[in-house]
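Peer 1: Give me a 3D structure for the following:
(one chain, ligands or ions: 1)
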Amino acid sequence: MAAQVIDGKQVAATLRAELKEQVAKLKQKGIVPGLGVILVGDDPASKSYITAKERACEDVGIYSDDNRLPASTSQEDLLALVKKMNTNPKINGILVQLPLPEGLDESEVLLAIDPAKDVDGFHPMNVGKMMVGEEAFLPCTPHGIIQLLLRSGVTIEGANVVIVGRSNIVGKPLANMLIQKNATGNATVTVCHTRTKNLAEHTRQADIVIAAAGRPNTITADMVRQGAVVIDVGVNRIEDATKKKGYRLVGDVDFEPVSEKASFITPVPGGVGPMTITMLLYNTVESAKRAVKV
Ligand code: NAP
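Peer 2: Here you go, the predicted model:
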């Protein structure tokens, strides 16, 4: 039987409607959640991500303070802007779009963000708090994946989860969140990477396979057991002359054959992607609520 395709756009739309209501309630109290956005340089992919994030903010009623700086911006000027946002009460969240142009020190910039406004959840203070199970801003993609699973009726507690990929933005924080002793955790997690011996031996044992390798066809049908839940985080460009742009987007999972065996599967595009932006909005609203202790 073919898998049920998890519609990330639909789940994200439901969550955004909930956030819109919360923003409306905050506005009745005179509070408008604000996101400070910083884009340095003119990388086309970063520009389109930022535009999508700002549109999503507008959609739920979050004010965004847009700052587009030239690639020649100095580290000092960038840090000064972050510090100005740290003390601006209208700004509840700060988003510095990565990667920064060459010559700028990303980790110094991320460290300069006030952890109370770190809505990407990348500041070591938030990473540490998350690890020890304290309240923290959770990084958007892993948090979005967990929401996608729970809102699709997938049981995480007690599940054997295999994550393929150990990056700081997806694999590592996701593994950490899934092993927490709380309502969104309690899974048994294996994290695989390029040094893993016999990847398929691990993925075949999994109730939930999460692919975040950034390589097409990393997960094929023979690597997945019947009835497994398969989450595809990967976003890869494949040349396609039939498309106007000359390419199409695919994930890390060989979608059609795998969906014949899986019970649930996410598509690319339209799976994890819409959730990532939504969780950024979620963190910004949370930050506004925390600032006024609502
Ligand atoms: P990354 O930093 O490049 O990390 C990729 C990870 O996958 C590494 O840990 C690597 O292992 C592992 N890996 C690569 N090929 C493998 C293979 N054949 N077998 C086993 N492990 C393998 O990537 P990332 O930033 O985590 O992103 C992963 C993918 O998700 C990318 O396609 C990215 O575009 C996408 N993404 C999507 C969203 C979204 O919102 N939809 C958000 C973030 C990322 P090593 O550590 O050993 O090198």
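Peer 1: Surely residue 68 forms part of a strand?
Peer 2: Yes. When classified by DSSP: H, G, I helix; E, B strand; the rest coil, residue 68 is found to be part of a strand.
Peer 1: what sits against it?
Peer 2: residue 39 (C-beta atoms under 8 Å, 6 or more residues apart in numbering). (Each C-beta comes from the backbone N, C-alpha and C, glycine too.)
Peer 1: and it, how far is that from residue 39?
Peer 2: 5 Å (C-beta to C-beta, to the nearest Å).
Peer 1: pull the CA atoms of stretch 282-294 into PDB?
Peer 2: C-alpha atoms of stretch 282-294 as PDB (Å, rounded to 0.1, in the frame of the first residue of the first chain):
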ATOM      1  CA  TYR A 282       6.700  30.400  16.300                       C
ATOM      2  CA  ASN A 283       9.900  31.400  18.100                       C
ATOM      3  CA  THR A 284       9.400  35.100  17.400                       C
ATOM      4  CA  VAL A 285       5.900  35.000  18.800                       C
ATOM      5  CA  GLU A 286       7.200  33.000  21.800                       C
ATOM      6  CA  SER A 287       9.900  35.600  22.400                       C
ATOM      7  CA  ALA A 288       7.300  38.400  22.300                       C
ATOM      8  CA  LYS A 289       5.200  36.500  24.800                       C
ATOM      9  CA  ARG A 290       8.200  36.000  27.100                       C
ATOM     10  CA  ALA A 291       9.200  39.600  26.900                       C
ATOM     11  CA  VAL A 292       5.900  40.600  28.400                       C
ATOM     12  CA  LYS A 293       5.500  37.400  30.400                       C
ATOM     13  CA  VAL A 294       2.100  36.500  28.700                       C
END
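Peer 1: Run the contact check for it versus the ligand.
Peer 2: No. Using C-beta under 6 Å from any ligand atom, stretch 282-294 never reaches the ligand; the gap is at least 14.0 Å.
Peer 1: Any residues of the stretch 51-200 of the chain in contact with the ligand? List them.
Peer 2: By the rule C-beta under 6 Å from any ligand atom, the part of the stretch 51-200 of the chain lying against the ligand is 141, 164-167, 169-171, 192-196, 199.
Peer 1: So, low pLDDT: which residues of the stretch 51-200 of the chain?
Peer 2: Residues of the stretch 51-200 of the chain meeting the criterion pLDDT under 70: none.
Peer 1: how about the helices of it, start to end?
Peer 2: With helices called from DSSP state H, counting those that start in this stretch, the stretch 51-200 of the chain shows them at 75-87, 106-112, 124-131, 140-151, 171-179, 199-203.
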